[in-house]
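Engineer: Just a sequence and a predicted model for now, questions to come.
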Amino acid sequence: MTNLEKLSNLLGLAQRAGTLISGEDLVIKAIQKHQTRLVFLAHDAAPNLTKKVTDKCQYYDIEVSTVFSALELSVAIGRSRKVLAVTDAGFAKKMRTLMN
């Protein structure tokens with residue numbers, strides 16, 4: 001099993017644990033409220049969404065990962081999404097180790 005597959009499984013687990021925020025508006029609000037540890041943005045997301053999310057994350061100093069496509073993110077959590085935010089420090093730490 002590759003690290004990307006493990007990361008995808010971990011996203012599904014975080015979703016079931018209730019430590020994942022998905023959807024553009026909710027993720028932006030979570031970033032502004034400092035509730036976010038890590039953001040996953042689909043590398044094939046629309047340019048305006050990409051700019052909005054990366055600008056917010058840069059401003060609030062939050063790491064953005066673009067390792068997944070929109071389809072891969074959607075499959076990982078079981079619903080159609082282009083951006084996800086991880087709110088739990090433990091999940092975020094484990095995901096970072098899998099990405100490095």
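Structural biologist: Everything's here; your move.

Engineer: residue closest to the middle of this protein?
Structural biologist: Residue closest to the average C-alpha location in the chain (CA atoms, centre = their mean): F40, at 2.5 Å.

Engineer: so who does the closest residue to L11 other than its chain neighbours touch?
Structural biologist: Closest residue to L11 apart from its sequence neighbours, by CB to CB, 6 or more residues apart in numbering: A76 at 4.2 Å. (Each C-beta comes from the backbone N, C-alpha and C, glycine too.) Residues near A76 by CB atoms under 8 Å, 6 or more residues apart in numbering: S8, N9, L11, G12, Q15, F68.

Engineer: Tell me the backbone dihedrals of A76, please.
Structural biologist: phi -60, psi -40 (degrees, to the nearest 10).

Engineer: tell me the pLDDT at it?
Structural biologist: On pLDDT, A76 comes in at 92.

Engineer: same deal with A85?
Structural biologist: Looking at A85, its pLDDT stands at 95.

Engineer: likewise E5?
Structural biologist: pLDDT at E5 comes out at 92.

Engineer: what kind of secondary structure is the nearest residue to S22 once chain neighbours are set aside in?
Structural biologist: Spatial nearest neighbour of S22, excluding adjacent residues (CB to CB, 6+ apart): R81 at 4.5 Å. Secondary structure for R81, judged by DSSP: H, G, I helix; E, B strand; the rest coil, is coil.

Engineer: ok so, going back, was I right to think the residue nearest to the centre of the chain contacts A14?
Structural biologist: No. Using CB atoms under 8 Å as the test, F40 is too far from A14 to be in contact (10.1 Å).
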